[in-house]
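need the 3D shape of this:
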Amino acid sequence: MRHERIRDRAQLLDSIVRTYKKARGGKYFPHRVVEQVMPILFPRSRKIGRGAFKTVYRVESPARFVALKVTASKHVRRDRKLYEGIPVGVRNRYFAKIYWYTKYCLLQKYGREVNVPKNVLKRLQERGRRFGLSDVRRDNIRRVEGHFKIVDANPR
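Next up, the predicted model:
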């Protein structure tokens with residue numbers, strides 16, 4: 001399995017979140033608690049950004065630029081179903097590869113933020129519509145290993 005050490009730590013993070021939610025009796029995902037625990041579990045990680053539901057951290061990988069997306073379990077399931085719904089031969093051509101997922105974490109290739117040309121944006125939006133994706137916009141497209149790929153989208 002790729003990035004096994006990161007997965008072990010992500011499973012530990014899952015257990016911390018589960019324990020915290022059970023002790024507090026909360027139903028919301030504790031983003032602030034995760035933000036405090038991340039430097040301990042992943043010392044060389046850094047926060048890339050936060051969307052409406054997910055917090056994205058760059059984690060140390062010797063080979064690639066990978067991102068650990070941390071969110072509630074329903075959003076991880078949604079992203080997994082969306083990724084697996086794209087045909088296998090086309091999946092990694094237009095969408096950044098998802099290596100694995102746990103209950104609250106998802107590890108994905110994550111490229112550099114660059115300006116996306118209009119023709120590339122239009123082509124990716126068209127491909128996204130064909131496979132049932134929405135929210136394909138400049139903020140959700142990165143340059144991954146020399147190619148423009150969608151790193152985040154929503155089902156239509």
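
in this structure, which spans are strands?
Secondary structure of the chain, counting by DSSP state E: strands at 46-50, 55-59, 66-70, 98-101, 105-109, 133-134, 141-144, 147-150, 154-155.

so can I have CSV of these showing mean neighbour count?
Backbone N, C-alpha and C define where each C-beta goes, glycine included. What follows is the strands of the chain, written out as CSV (neighbours: other Cβ atoms under 10 Å):
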stretch, mean neighbour count
strand 46-50, 13
strand 55-59, 20
strand 66-70, 24
strand 98-101, 18
strand 105-109, 22
strand 133-134, 18
strand 141-144, 21
strand 147-150, 18
strand 154-155, 15
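
so which of those strands is nearest Ser15?
strand 105-109 (11.4 Å; Cβ to Cβ).

dump that closest one to CSV, restricted to CA.
C-alpha atoms of strand 105-109 as CSV (Å, rounded to 0.1, in the frame of the first residue of the first chain):
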residue,chain,number,x,y,z
CYS,A,105,-9.4,11.3,6.1
LEU,A,106,-8.6,11.0,2.4
LEU,A,107,-5.1,11.1,0.8
GLN,A,108,-5.0,12.5,-2.7
LYS,A,109,-2.4,13.7,-5.2
